[in-house]
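> the following comprises the amino acid sequence and a computationally predicted model.
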Amino acid sequence: MRHFLLSEKMFKFVYMKMKDFKKIKSPVVRIDNSLERYKGKIISQEKLDKANDMLKTVGLPKAGK
Amino acid sequence: MRLERYELKAEASLTIFEFVSEGPNGKIRKVVQFEETNFKGVYNLAFGDVDPTTEKINDSVISNNKDSEKVLATVVSAIYAFTGRYPGVWIYAAGSTKSRTRLYRMGLTKFLAEITEDFYLYGQRNVNWIFFEKGVEYEAFLAKRKNV
């Protein structure tokens, strides 16, 4: 019985940790349609061009390798 | 990541995020934007402060609001939200200057264990992508979320 209670406590602890972790990785984001005003606007064209040039030259790695 | 973060707002497609940094220099609106590159499924991470008078986003300003860790954690949250909505995409990031890229590297180094639990993280050296390692300088970074 004692062993069972301990296991239950452990289970609750792990469950809470998992719940907490999930919360961290699933951030709450409030939808605000006024941000549509930034759509299509490039923050820095120079940086985006540089990224495109670099990706053209270097390509992409194979994920996980 | 057990860090304080700012409240995030986004438009419906979750490609543009905004939050407000609060510190000794006041409240500063910041925007995180995932910009499409010429390569399908690869997005450039753009980040900057909103100029309150012109409403333009400036990615080279140093706001010095003494909250860089909280800001970084908020940007990481935006990456989680974006890659949660669009699994399989690549995120490319480079600072506007060498020193800013170094700042990004320091931030990534600080949370490397947490980040690599969920993302493949690479650094660019010369013309190669290599797995991100502590203590190595990179010109840019690339991340892809592991299975969501």
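Structure's in. What do you need?

> tell me the mean pLDDT over whichever strand or helix holds residue A:55?
Using DSSP states H and E, residue A:55 sits within helix A:45-58. For helix A:45-58, the mean pLDDT works out to 93.

> which residues are contacting that helix?
Outside helix A:45-58, the residues within contact range by Cβ atoms under 8 Å, 6 or more residues apart in numbering or on different chains are A:42, B:35, B:37-39, B:42, B:44, B:46, B:59, B:92, B:94, B:96, B:124, B:127-129, B:139-140. To be clear about C-beta, it is placed using only N, CA and C from the backbone, and glycine gets the same treatment.

> stretch B:69-83 now?
With contact meaning Cβ under 8 Å, 6+ apart, stretch B:69-83 is reached by A:25-27, A:29, B:1, B:3-6, B:8, B:10, B:14-15, B:17, B:19, B:21, B:30, B:32, B:34, B:43, B:45, B:47, B:65, B:89, B:91, B:107, B:110-111, B:115, B:118-119, B:143, B:145, B:148.

> so which of those residues belong to helices?
Among the contacts of stretch B:69-83, the members falling in helices are A:25, B:107, B:110, B:115, B:118 (criterion: DSSP state H).

> ok, now which ones touch the second one?
In other words, residue B:107. Shown in contact with residue B:107 (Cβ under 8 Å, 6+ apart): B:68-69, B:72.

> what do you get for the fourth one?
Neighbour list for residue B:115: B:76, B:108, B:121, B:143 [criterion: Cβ under 8 Å, 6+ apart].

> show me where pLDDT drops low in chain A?
Residues of chain A meeting the criterion pLDDT under 70: A:1-26, A:63-65.

> return the residues of it in contact with chain B.
A:24-33, A:35-39, A:41-44, A:47-48, A:50-52, A:54-58, A:60-61, A:63-64 (Cβ under 8 Å from any Cβ of the partner chain).

> report the buried members of those residues.
Among those, those buried by neighbour count (16 or more other Cβ atoms under 10 Å in any protein chain shown) are A:24-25, A:27, A:29, A:35, A:38, A:42-44, A:47-48, A:50-52, A:54-55, A:58, A:61.

> in chain B, what residue spans correspond to strands?
In chain B, the strands defined using DSSP state E lie at B:8-10, B:16-23, B:26-36, B:42-50, B:57-58, B:90-93, B:119-125, B:128-131, B:141-145.

> now chain A
Applying DSSP E to chain A gives strands spanning A:29-31.

> longest helix of chain B?
Secondary structure of chain B read by DSSP H shows that its longest helix is helix B:68-85.
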